[in-house]
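**Student:** Need the 3D shape of this:
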Amino acid sequence: QIAVDHGLDDALLECLVSHNALIETFPIVHYLWQPVVVVTDPTALYGVAVGSDGYVVAVGAGGFNIHAAANAAKPDGWAPGPTLNETYAVAAVDTVFVACGAGSDNFVRSTDHGATWEAVANPTEEMYAISAGIGAGVVLAAGESGIVWRSFDSGASWALATPITGAPNVNGLTRCGDGISVFAVLACAENGHVYRTPNSGTLWIDATNAGTPLYAIAGWLLVVVAVGRSGKIIRSDDGGS
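**Tutor:** As a prediction, the model looks like this:
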């Protein structure tokens, strides 16, 4: 393994490393983190998502939206989008981006990689988390007082789903599966609990309690990781069961 900065000849470097690798070894080139853009308009950026075609969208305080082309690793790859309302989270459903937050238009949707947005729903509660669900076009959003909204058409229309009972605020949503099918959507909450739904919000199961507020959650295949206050990290390797 080697770790290097990005450069003009990344592909050549990887080819050279692989070509000269010893037999029965698996060479890996790691690229160091680097700042690619500084946005001065919002006070903070809260959410980021990547579409299936490589486009990236970030949203933040003051409703500022920035979006990027597939080469978002380059400093000039980012472009400003329109000013939204206060926006806390964004998710990609294939190539469609859906964002949620506070204000007069809680749900907004973009079909052109974040360049323009349309308001699609307006819950009275603030919405803090959003994720693709189980099945094509399914999206779940959750937030204040455990409220959950659901869309079956990639965020074009929304309706209330079963709320997460006992959750004061839901801060994160993710989904997990076996690489072929999605098995469950999981939510992490301010009360330290992780909740699991096998049917995109029709039923929520209290899966575990971390004992401290949880702020974000992510799934990869059957592995789910949630993080929170005081450096707390919890992990499941069976899809959150």
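**Student:** you'd agree residue 217 is in a helix?
**Tutor:** No: assigned with DSSP: H, G, I helix; E, B strand; the rest coil, residue 217 falls outside any helix and is strand.
**Student:** Give the burial count for it, as a bare number.
**Tutor:** Using other C-beta atoms under 10 Å, residue 217 has 26 neighbouring residues. Heads up, the C-betas are built off the backbone N, CA and C, glycines and all.
**Student:** give me the beta-bridge partners of it?
**Tutor:** residue 226 (DSSP bridges).
**Student:** so it touches residue 195, yeah?
**Tutor:** No: checked against C-beta atoms under 8 Å, the pair residue 217 and residue 195 is beyond contact range at 10.1 Å.
**Student:** Overlap of the contact sets of these two?
**Tutor:** The contact sets of residue 217 and residue 195 overlap at 186-188 (C-beta atoms under 8 Å, 6 or more residues apart in numbering).
**Student:** Including neighbour count, could those go into JSON lines?
**Tutor:** Listed next are those as JSON lines, based on neighbours: other C-beta atoms under 10 Å:
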{"residue": "186", "neighbour count": "26"}
{"residue": "187", "neighbour count": "29"}
{"residue": "188", "neighbour count": "32"}
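**Student:** ok, these vs residue 237, which is closest?
**Tutor:** The closest of the shared contacts of residue 217 and residue 195 to residue 237 turns out to be residue 186 (C-beta to C-beta; 13.1 Å).
**Student:** how close does the closest one get to residue 137?
**Tutor:** Distance, residue 186 to residue 137, using C-beta to C-beta, to the nearest Å: 20 Å.
**Student:** likewise residue 96?
**Tutor:** 9 Å.
**Student:** between those two, which one's more packed in?
**Tutor:** Under the neighbour definition other C-beta under 10 Å, residue 96 and residue 137 were set side by side, and residue 96 has more, 21 against 15.
**Student:** Residue 82: neighbour count?
**Tutor:** By other C-beta under 10 Å, neighbour count at residue 82 equals 14.
**Student:** need the contact list for it.
**Tutor:** 65, 115-117.
**Student:** repeat that with 6 Å
**Tutor:** Residues near residue 82 by C-beta atoms under 6 Å, 6 or more residues apart in numbering: none.
**Student:** quick one on the thing from earlier: which neighbours do residue 96 and residue 137 share?
**Tutor:** residue 154.
**Student:** Just to check, residue 30 is in contact with residue 3?
**Tutor:** Yes: Residue 30 is in contact with residue 3 according to C-beta atoms under 6 Å; the separation is 4.3 Å.
**Student:** Give me the nearest residue to residue 79, chain neighbours excluded.
**Tutor:** The shortest distance from residue 79 to any non-neighbouring residue, by C-beta to C-beta, 6 or more residues apart in numbering, is to residue 67 (6.0 Å).
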